[in-house]
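Trainee: coords below, sequence missing:
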């Protein structure tokens, strides 16, 4: 019997982060041992967000002038969706045509914003009020910081997860409960996979075969999204009326847990709030060691919780 604890996600990588072509991440993956969490390193890998710019010298032509949004000043912000071997570039102005003046680690928190923002192509850039030299960053890689209590009281995270299960059950469009960014997934390896909202409209009916990590999939590695993600999520969801359990901002697993959250949560997701969606397993021949957990990560958009990422942990007998 083989014990496997792991974590997942898929990413966009580009000029807003490090500097180069797309690459896989070094997210913490656990195989009977735990990995340490976020190291700040600068490498040639980059994290790509959808950015379109026109440059003249060091400045960037934008589609609209800088505006002020007081809501951006209401909270501190944290870096998300940057891989463990990368950094979030901070630039002298909005857009990748401007020089890099500093870099934030992939799990940086407590970033204050001035409230000024600017649209560059399809990307929104915001100005930092602090962090060494100040500067501008692509808002794609930021999330507002809320307390666990605020999330628990005001945000219907479980409702979103139930909505996702209902949509997956029909095999149809699953984009509604998702972030405007779409969905990022890390599946028992260090690869950050990303699906846009347009992808999510048809992903459950797609026949496209993808090679996933074999961990937790009983030696079955070539599967569709519906088979790899949908079927395993639904296996937990279907047990919700029976023995499936949920826990906010803590990792809930079997095999003698609790498992340290820092070892189970991939670096790109560490600043998101999350719910552990846990099925303790019910095959008596495995004495409870056939458990499965989905970690569902939430961003906050327009004051509502939306699903931004998913990662599994499991014990594969």
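Mentor: It's in. Every value quoted in this text rests on a predicted model; they were computed, and no experiment measured them.
Trainee: mind listing the helices for the stretch 51-200 of the chain?
Mentor: Using DSSP state H, counting those that start in this stretch, the helices of the stretch 51-200 of the chain run over 148-154, 157-170, 197-200.
Trainee: gap between residue 303 and residue 82?
Mentor: Separation of residue 303 from residue 82 (Cβ to Cβ, to the nearest Å) stands at 25 Å. Bear in mind the C-beta positions are built from the backbone N, C-alpha and C, glycine included.
Trainee: what about those two, which has more around it?
Mentor: Set side by side, residue 303 and residue 82 show more neighbours around residue 82, with 31 against 10, by other Cβ atoms under 10 Å.
Trainee: my guess is that one contacts residue 266. True?
Mentor: No. Residue 82 is beyond contact range of residue 266, at 11.1 Å (criterion: Cβ atoms under 8 Å).
Trainee: I'd like the helices of the stretch 51-200 of the chain as CSV, with mean pLDDT appended.
Mentor: As requested, the helices of the stretch 51-200 of the chain are exported to CSV (pLDDT from 0 to 100):
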stretch, mean pLDDT
helix 148-154, 92
helix 157-170, 95
helix 197-200, 97
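Trainee: which of those sits closest to residue 230?
Mentor: The closest of the helices of the stretch 51-200 of the chain to residue 230 is helix 157-170. By Cβ to Cβ, the value is 4.8 Å.
Trainee: helices or strands up against the closest one?
Mentor: Where contact means 3 or more Cβ pairs under 8 Å, 6 or more residues apart in numbering; DSSP states H and E, helix 157-170 is packed against helix 231-237, strand 245-248, strand 273-279, strand 292-301, strand 304-314.
Trainee: hmm, 7 Å instead?
Mentor: helix 231-237, strand 273-279, strand 304-314 (3 or more Cβ pairs under 7 Å, 6 or more residues apart in numbering; DSSP states H and E).
Trainee: read off the pLDDT value for residue 257.
Mentor: Predicted confidence (pLDDT) for residue 257: 52.
Trainee: same thing with residue 283?
Mentor: What the model reports as pLDDT for residue 283 is 66.
Trainee: so, low pLDDT: which residues of the stretch 201-317 of the chain?
Mentor: 214-220, 255-262, 282-289, 316-317 (pLDDT under 70).
Trainee: repeat that with 80
Mentor: Per-residue confidence for the stretch 201-317 of the chain (pLDDT under 80) gives these ranges: 213-221, 253-263, 281-290, 315-317.
Trainee: and residue 78, how many neighbours?
Mentor: By other Cβ under 10 Å, the residues close to residue 78 number 19.
Trainee: that one and residue 271 touch, don't they?
Mentor: Yes. Assessed by Cβ atoms under 7 Å, residue 78 is found in contact with residue 271 at 3.7 Å.
Trainee: what do those two both touch?
Mentor: Shared contacts of residue 78 and residue 271 (Cβ atoms under 7 Å, 6 or more residues apart in numbering): 109, 143.
Trainee: what's the separation between the spatially closest residue to residue 228 that is not a sequence neighbour and residue 193?
Mentor: Of all residues not flanking residue 228 in the chain, residue 212 sits nearest, at 4.8 Å (Cβ to Cβ, 6 or more residues apart in numbering). Shown here: residue 212 relative to residue 193, a distance of 9 Å by Cβ to Cβ.
Trainee: between those two, which one's more packed in?
Mentor: When neighbours are counted by other Cβ under 10 Å, residue 212 comes out ahead of the other of residue 212 and residue 193, with 24 against 20.
Trainee: tell me the phi and psi of the more buried one?
Mentor: In terms of degrees, to the nearest 10, the main-chain angles of residue 212 are phi -110, psi 170.
Trainee: can you check residue 229 too?
Mentor: Per degrees, to the nearest 10, the backbone of residue 229 is at phi -100, psi -50.
Trainee: for it, which non-adjacent residue is closest in space?
Mentor: residue 185 (6.4 Å).
Trainee: touching, the one you found and residue 193? I think so.
Mentor: Yes. With contact defined as Cβ under 7 Å, residue 185 counts as touching residue 193 (4.7 Å).
Trainee: any weak-confidence spans in the stretch 51-200 of the chain?
Mentor: By pLDDT under 80, the low-scoring segments of the stretch 51-200 of the chain are 51-66, 130-133.
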